[in-house]
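Asker: What would the 3D arrangement of this be:
(chains A, B, C and D)
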4 protein chains.
Amino acid sequence: MIKAGIVGGTGYTGVELLRILAIHPEVEVACITSRSEAGIAVSDMYPNLRGYYELAFTEPDIDVLASCDLVFFATPHGVAMRMAPELLARGVRIVDLSADFRIKDLDVWARWYGMPHETAEWAEKAVYGLPEVARDAIRDARLVANPGCYPTAVQLGFLPLLENGLIRTGHLVADAKSGASGAGRQANVGMLHGEVGESFKAYGASGHRHLPEIRQGLELAAGGKVGISFVPHLVPMIRGIEATLYAELETPEDFDRLQSLYEGRFRDEPFVDVMPFGSHPETRSVRGENTCRMALHRQENSPVVIVTSVIDNLVKGAAGQAVQNMNIMFGLTEHAGLRAPALLP
Amino acid sequence: MIKAGIVGGTGYTGVELLRILAIHPEVEVACITSRSEAGIAVSDMYPNLRGYYELAFTEPDIDVLASCDLVFFATPHGVAMRMAPELLARGVRIVDLSADFRIKDLDVWARWYGMPHETAEWAEKAVYGLPEVARDAIRDARLVANPGCYPTAVQLGFLPLLENGLIRTGHLVADAKSGASGAGRQANVGMLHGEVGESFKAYGASGHRHLPEIRQGLELAAGGKVGISFVPHLVPMIRGIEATLYAELETPEDFDRLQSLYEGRFRDEPFVDVMPFGSHPETRSVRGENTCRMALHRQENSPVVIVTSVIDNLVKGAAGQAVQNMNIMFGLTEHAGLRAPALLP
Amino acid sequence: MIKAGIVGGTGYTGVELLRILAIHPEVEVACITSRSEAGIAVSDMYPNLRGYYELAFTEPDIDVLASCDLVFFATPHGVAMRMAPELLARGVRIVDLSADFRIKDLDVWARWYGMPHETAEWAEKAVYGLPEVARDAIRDARLVANPGCYPTAVQLGFLPLLENGLIRTGHLVADAKSGASGAGRQANVGMLHGEVGESFKAYGASGHRHLPEIRQGLELAAGGKVGISFVPHLVPMIRGIEATLYAELETPEDFDRLQSLYEGRFRDEPFVDVMPFGSHPETRSVRGENTCRMALHRQENSPVVIVTSVIDNLVKGAAGQAVQNMNIMFGLTEHAGLRAPALLP
Amino acid sequence: MIKAGIVGGTGYTGVELLRILAIHPEVEVACITSRSEAGIAVSDMYPNLRGYYELAFTEPDIDVLASCDLVFFATPHGVAMRMAPELLARGVRIVDLSADFRIKDLDVWARWYGMPHETAEWAEKAVYGLPEVARDAIRDARLVANPGCYPTAVQLGFLPLLENGLIRTGHLVADAKSGASGAGRQANVGMLHGEVGESFKAYGASGHRHLPEIRQGLELAAGGKVGISFVPHLVPMIRGIEATLYAELETPEDFDRLQSLYEGRFRDEPFVDVMPFGSHPETRSVRGENTCRMALHRQENSPVVIVTSVIDNLVKGAAGQAVQNMNIMFGLTEHAGLRAPALLP
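Answerer: This is a model prediction of the structure:
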């Protein structure tokens, strides 16, 4: 059994880790920390966990955490950056679900996250944990930077186009939509049901923290500069991200081979599902599941390829991908604890 | 492996059976029938099942069904009543999720369901499948009538009071609320999102088919007549039933022992959870799960005991309870295929 | 033109007053106060008001308020109680949308609102502003206590039964359901979309502040003691209250005349609509409108009369009723500013 | 008083016309037709209209309609095309809310709507009723083709850019999202609450009927060919459209003057509101109102201008714009019957 710790377990990402790990056959959750809720039983805060955990939230204790095989950070940015080095030094492996180790250019990181980065060494060593791109590196990683939710949906959708140099990279568009759980579980007037329900809006249209992360991943795949517009939107639902991606093919004739290209690229991926050309993936088809489901589209004779890509932001966009990374790191079946159909309807 | 067939698999109850059985360790779904969708792959209709089933819907074929160990009926009323006798004669065991075998008084059944009952023999032999009341009979049953969704939430909440003769039985109130999936997956203007969203209403306030089923169960527990008002309501959500139950205690002093009475009554039940006195169970705490979660309340010095009880109408209120019944019938662990925390948030 | 002031205008009740008064032909909003948002333009906070108001929120200034003909308090409890006496002394009339002057028994008030009442004189003089009961007194009132949302829906539904002594008053049940806007616009984890969406629950089942207010009104109508159980529930929608009321008729034969009794009682009421017997009023049918819509039901031969009653909690349950009261106080047409069909769908 | 008739009044567009016209000071609704609901009182079908209309739905009668000053068609495509010529010949003016007269190229129309066009003469004479573009022509029009919902939001957002030749027109993107009421009030499994709620998806990504209408409008404004990708999405809400528009500026320096250009373009428009640069318009800010609210955005130093534009699909996207057109045609104040703040929250 892998002994796992969770730092910062009271948010939606934390409870989702608990939900998934509750039935993972190879993992035991040894501790879960929360400064604000220390002493409270996990199942008092999250009644869906009644009968699954005896555990209570505790103050973070470095020795307890150091006794784990793996620690998940489900914290706001800035926390993992400070706590990770000691744990790593004591041999603990880490999957960081926050943004601390996702961006390689630390000036960019500092500008978007509003603080200097404090661990250049580990920022460099950290493996960006998108298994579809970096499975081998993840296997051996001591520190995995779990990707953001939008970046997961957007990168997976663009990858085959960029890796094969098929599109003009100067004017990509990623129009993305997320359910409200993406904003976390902080008291915030703007996220009240009375504010979010029955309404739709863009936000962060002049720049969102996931933009540099997306660009970094796309440029890596493209092997060069990429110009991308990324606008996130808030959907009056709880879970789910849909990204609609637009790119102009260099050679419109390539449309004929796109479908097989995508199917081939993801054939061996346990958590990417390419639907038939022209299908419309729904977020509910992945609710509670670790899959990214996508489809390709063309409008009349347009040279523009359109990709629609859906994930559950809390699963493939956060806790599920973290467990997938853990499975890879520890040599387990990649879908251990992650195989059950989405909740539909 | 138990070989299971499903008759009428295109509705929400059918797809929920498929979702649960997809990861059940002891069951193989051998066939799933649908007259309207014959030939369509299950996963084309329900993309959450992509990768879990190769199966396609087929025309109902009595010989194929007769080769199963168990057949689930997830059909409108009137179907199981006609098909069950032959299958039973050929040794197949049946869990009927429809209303055909729930009511013992066939005149009452005929009046509420608008047709004469055609199988008096099996209506008598059928076991009403509420495991918390009839586990032993279910174990040996050849035909189990799976309870309705409202009746499950309401009966479980009232049971300890009635079994112990603690309340005045002339004027009980069961005010129940359900998500829209309870109405099924038929084209119906009244169930459009544009009609159901952002609104709340009672329906069937002058009489609903679940009223005689509830009364039958309560009278069985009480050993006598029960007067109950039951009003269902439509909630703008998909899954979940909440029932708020009101009853006057014969002896208000009994309030002191109610909590321990409830805890004792359900201590060994794998799928009933009694929360601390005064808690407020939420439907989301059982979303996708087979649990009925409940709590007791008292207002000031009132003699009225209030019980709030929640289930997922598609799970403990339908497909999950059907699988629980199957597990009992075939001597499996009762929670086989049914143990995973609810999807929260 | 009536010169109106609003104290505490940033909550949902405040913005709803602004929405209604924006097109009221006889009212000019002279000032709107908010300590936290002073200096912010009303239309920057509420973009639906762009083009309707030049006004900005200001610090409360007693002299500015004293120059108004009428001041609305849309504040948490405890504020009006302290500010009202001076304004009243200076001749301003007041409609208080908070709970400060609703309860006549100040011990009861103090127990439920957790502070001593500071203005016994005005608590006595205040008129409880349910126009269907107290229109004449409202006309001459200097201080109107605008009823709570649940109490409006519940009292109107029970009134004809109690005024005519038709029911047993020892065991009434009011099972009520509200959209999330009823909880106001405060940062509160429990009211996040991620917490409220797609779920349903009871709350305050052991006692809610509206219980004594409801009881006071019902006992006034009954002319004696009333035993009532009141359980509020949270519906995953924004606006709307539905109350399902249960009472046992003393004489079941009275069922024959109930419908005409209700129709007669409310015939001249501009904002109460009695639907045909057995109808199911929906909250959306009153969304944004000042109407209370209700219907009567009977189940088989039961002696229990069931009333379903809906309002928009922010309109007839708060700001609309406040404007109705203002119209009465100032001798305007009672539906001035309040006549437009509900937004359906 | 203008005597108005409505053909096809049972859908969401029809009831929305009734809602708006109920309080229009210059219009009397003389008749409303529906083959399926003939004989039913309007307020029995739509209880929000109780107390506003005595009217019942009637079979369409050409003589009754011919006695009106104006007839609105709120019908599926193909109906107005056949009925309009006779009414026009008899002097009735028409606002057609369906798609019959929107597209000037009848081959294109026939291809997208699946039938030959039967009235080439009137298709040519019809005025495309976007007041912000064609106010003068509307004033004198006998037949106005009321624009589609998506085309209204998309055209208004792109207009200033195209009219001034500021953008590269080969690769525009319009990513649009709509509430479920856009699909109408037909029984349709795909639009059930159980299917639409808590999920998000693109649809029509390979081509939607509004694409040729959008392109026609944009090319008119641009004075030349426009290449546009248009993907509609379904949002789990009832009302509202948001369109996020992307276009590359020919000269990025033009960013400096875009805001004033937009403000100037729409300064005198009663129903277009340009918010400050970088704002995020929400659909709820126009719920129930006839406004199109928009804002401009730029990401870092990108040459791409992003426009976010919101409308209520049933108001500015249908019935409200129809009434605006009627007001213009009959020389009324343009906002007659249309001035009341949106319902927020």
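
Asker: can you tell me how far the residue of the stretch 1-150 of chain A found nearest chain D sits from D:Thr291?
Answerer: Closest contact between the stretch 1-150 of chain A and chain D, by Cβ to the nearest Cβ, is at A:Arg111 (10.6 Å). Glycine gets a C-beta too; all of them are placed from N, C-alpha and C. Look at A:Arg111 and D:Thr291: by Cβ to Cβ, to the nearest Å, they are 37 Å apart.

Asker: now swap in A:Ser279 and tell me
Answerer: 36 Å.

Asker: about what we covered before: run through the residues that contact the residue of the stretch 1-150 of chain A closest to chain D.
Answerer: By Cβ atoms under 8 Å, 6 or more residues apart in numbering or on different chains, A:Arg111 lies in contact with nothing.

Asker: again with A:Pro212
Answerer: Per Cβ under 8 Å, 6+ apart, neighbours of A:Pro212: A:Ile103, A:Asp105, A:Val108, A:Trp109, A:Trp112.

Asker: and of those residues, the nearest to chain C?
Answerer: A:Trp112 (24.2 Å).

Asker: who touches the spatially closest residue to A:Arg298 that is not a sequence neighbour in this structure?
Answerer: Distances taken as Cβ to Cβ, 6 or more residues apart in numbering or on different chains place A:Phe255 nearest to A:Arg298, at 5.7 Å, with adjacent residues excluded. Shown in contact with A:Phe255 (Cβ under 8 Å, 6+ apart): A:Leu249, A:Arg298, A:Val305.

Asker: mind listing the helices for the stretch 51-200 of chain A?
Answerer: For the stretch 51-200 of chain A, helices defined by DSSP state H, counting those that start in this stretch occupy the ranges A:62-66, A:80-89, A:106-113, A:120-125, A:131-140, A:149-163, A:193-196.

Asker: and of the ones you listed, who's closest to D:His24?
Answerer: Minimum separation from D:His24 across the helices of the stretch 51-200 of chain A (Cβ to Cβ) falls at helix A:193-196, 30.5 Å.

Asker: how about low-confidence regions in chain A?
Answerer: Within chain A, no range satisfies pLDDT under 70.

Asker: what does it put close to chain B?
Answerer: With Cβ under 8 Å from any Cβ of the partner chain as the criterion, chain A meets chain B at residues A:12, A:15, A:18-19, A:22-23, A:46-52, A:181, A:197-198, A:238-239, A:273, A:275, A:281-282, A:284-289, A:293, A:339-345.

Asker: and chain C, which of the residues you listed contact it?
Answerer: Answer for those near chain C (Cβ under 8 Å from any Cβ): A:Tyr12, A:Ser181, A:Gly197, A:Glu198, A:Ile238.

Asker: Max pairwise distance over those: which two?
Answerer: A:Tyr12 and A:Glu198 (21.5 Å).

Asker: what residue of chain A is the furthest out?
Answerer: A:Asn301 (34.2 Å; Cα atoms, centre = their mean).

Asker: Can you get me a residue count around the closest residue to that one other than its chain neighbours?
Answerer: Distances taken as Cβ to Cβ, 6+ apart place A:Pro252 nearest to A:Asn301, at 7.5 Å, with adjacent residues excluded. By the criterion of other Cβ atoms under 10 Å in any protein chain shown, A:Pro252 has 14 neighbours.

Asker: A:Asp63 too?
Answerer: Quick note: A:Asp63 (other Cβ under 10 Å) scores 7 neighbours.

Asker: cool, the one 3 residues further on as well?
Answerer: A total of 15 residues lie near A:Ala66 under the criterion other Cβ under 10 Å.

Asker: Look up how far A:Arg142 lies from the nearest residue to it once chain neighbours are set aside.
Answerer: Nearest residue to A:Ala66 in three dimensions, chain neighbours excluded: A:Arg90, at 4.4 Å (Cβ to Cβ, 6+ apart). Computed with Cβ to Cβ, the distance linking A:Arg90 and A:Arg142 is 11 Å.

Asker: Of the two, which one has the most company?
Answerer: Comparing A:Arg90 with A:Arg142 by neighbour count (other Cβ under 10 Å), the higher total belongs to A:Arg142, at 16 against 13.

Asker: Residue numbers of chain A in contact with chain C?
Answerer: Going by Cβ under 8 Å from any Cβ, the residues of chain A near chain C are A:12, A:180-181, A:183, A:185-189, A:191-198, A:236-238.

Asker: Redo the contacts of A:Phe255 as JSON lines? Include secondary structure and neighbour count.
Answerer: Conversion of the contacts of A:Phe255 to JSON lines gives the following (DSSP: H, G, I helix; E, B strand; the rest coil; neighbours: other Cβ atoms under 10 Å in any protein chain shown):
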{"residue": "A:Leu249", "secondary structure": "strand", "neighbour count": "18"}
{"residue": "A:Arg298", "secondary structure": "coil", "neighbour count": "20"}
{"residue": "A:Val305", "secondary structure": "strand", "neighbour count": "23"}
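
Asker: quick one: which of the residues you listed is nearest chain D?
Answerer: Looking across the contacts of A:Phe255 and measuring by Cβ to the nearest Cβ, the closest to chain D is A:Arg298, at 6.4 Å.

Asker: Can you list phi and psi of that closest one for me?
Answerer: The phi and psi torsions at A:Arg298 (degrees, to the nearest 10) take the values phi -140, psi 140.

Asker: Is it in contact with D:Val231, as I believe?
Answerer: No: with contacts counted by Cβ atoms under 8 Å, A:Arg298 stays clear of D:Val231, the gap being 11.5 Å.

Asker: hey, what's in contact with both of those two?
Answerer: Joint contacts of A:Arg298 and D:Val231 (Cβ under 8 Å, 6+ apart) are A:Ile306.

Asker: so A:Arg284, which of the three states?
Answerer: helix (DSSP: H, G, I helix; E, B strand; the rest coil).

Asker: how much space between the residue nearest to A:Asn301 and D:Val173?
Answerer: Distance from A:Pro252 to D:Val173, by Cβ to Cβ: 17 Å.

Asker: ok, back up a step: just to check, the residue nearest to A:Asn301 is in contact with A:Val304?
Answerer: No: with contact defined as Cβ under 8 Å, A:Pro252 does not reach A:Val304; the gap is 9.1 Å.

Asker: who touches the nearest residue to A:Leu192 once chain neighbours are set aside in this structure?
Answerer: Nearest non-adjacent residue to A:Leu192, counting by Cβ to Cβ, 6+ apart: C:Met191, 5.2 Å away. The contact partners of C:Met191, by Cβ under 8 Å, 6+ apart, come to A:Leu192, A:His193, A:Gly194, C:Ala180, C:Ala183.

Asker: what about 7 Å?
Answerer: For C:Met191, the contacting residues are A:Leu192, A:His193, C:Ala180, C:Ala183, by Cβ atoms under 7 Å, 6 or more residues apart in numbering or on different chains.

Asker: what's the neighbour count on A:His233?
Answerer: A:His233 has 25 nearby residues by other Cβ under 10 Å.

Asker: let me fix that: A:Ile238
Answerer: By other Cβ under 10 Å, 29 other residues sit near A:Ile238.

Asker: same deal with the one 5 residues further on?
Answerer: The local packing of A:Ala243 (other Cβ under 10 Å) involves 30 other residues.

Asker: I'd guess it is in a strand, am I close?
Answerer: Yes: under three-state DSSP, A:Ala243 sits within a strand.

Asker: Quick check: bridge partners of it?
Answerer: A:Ala176, A:Ser309 (DSSP bridges).

Asker: any idea how far D:Ser309 is from it?
Answerer: Separation of A:Ala243 from D:Ser309 (Cβ to Cβ) stands at 20 Å.
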